[in-house]
Structures are given as C-alpha cells and as structure tokens.
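S.K.: can't give you the sequence, but here's the structure:
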C-alpha cells in the first residue's frame, strides 16, 4: 500500500467517524428535529456516487469510507423519517 493510500485511509477514518456522534445522539434522544432531511438526502446521493467512483478507480480508502458513511447517513435519514 502506498503512502497516498495510507493518507486516504487516515482521512477516511476521520471524516467517517465524525458522523458517529450524530447517529448516537439521534438514537439516544429519539429526535432529529434539528437535522435537515434535504441535506442528508443530497449528501447520501453524493456518497453513493463517491462509492461508485471509488470502486471504479479501485481506491480502498474511498470504498471503505463511503460504504461506512452510507450506512451512518442512512441511519440518520431513517431516524429523521421515523422520529418526525
């Protein structure tokens, strides 16, 4: 694995893990009133496209980060719809 892919993995870990507190808060408080559904729908779509791009260029860091972020953002969207 080259140094640039290691840098990508570190960046992926930091940006992806930044969603964990939001997911935890939504789950714990059963509230998403301050979260924009439109923003998360656009974001989710963008992340799906980044995942496809990561697969196309065979970038492990992009594939891992975007796959995990899809799961986390999907949880936020589901919580937003559930806890209206």
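M.R.: Great, that's in hand. In this text, all values refer to a predicted model and were calculated from it rather than measured experimentally.

S.K.: could you measure from residue 42 over to residue 4?
M.R.: Per CB to CB, to the nearest Å, residue 42 is found 28 Å from residue 4. Any C-beta I mention is one placed from the backbone N, CA and C, and that applies to glycine too.

S.K.: in the protein, which helix has the most residues?
M.R.: helix 60-82 (DSSP state H).

S.K.: may I see the buried residues of it?
M.R.: 61-66, 68-70, 72-73, 75-77, 79-80 (16 or more other CB atoms under 10 Å).

S.K.: which of the residues you listed lies closest to residue 50?
M.R.: Using CB to CB, residue 66 comes nearest to residue 50 of those, at 4.7 Å.

S.K.: the closest one touches residue 59, doesn't it?
M.R.: No. With contacts counted by CB atoms under 8 Å, residue 66 stays clear of residue 59, the gap being 9.5 Å.

S.K.: measure the residue nearest the centre of the chain to residue 76 for me?
M.R.: Closest residue to the average C-alpha location of the chain: residue 69 at 2.1 Å, with CA atoms, centre = their mean. Using CB to CB, one obtains 10 Å as the distance from residue 69 to residue 76.

S.K.: name the residues contacting each of the two.
M.R.: A shared contact of residue 69 and residue 76, defined by CB atoms under 8 Å, 6 or more residues apart in numbering, is any residue touching both; here these are residue 19.

S.K.: what sits against residue 9?
M.R.: 60, 61, 64.

S.K.: where does residue 42 land in three-state SS?
M.R.: The three-state label for residue 42, taken from DSSP: H, G, I helix; E, B strand; the rest coil, comes out as helix.

S.K.: that one: neighbouring residues, count only.
M.R.: 11 (other CB atoms under 10 Å).

S.K.: contact partners for it?
M.R.: So, once contact is read as CB under 8 Å, 6+ apart, residue 42 ends up touching nothing.
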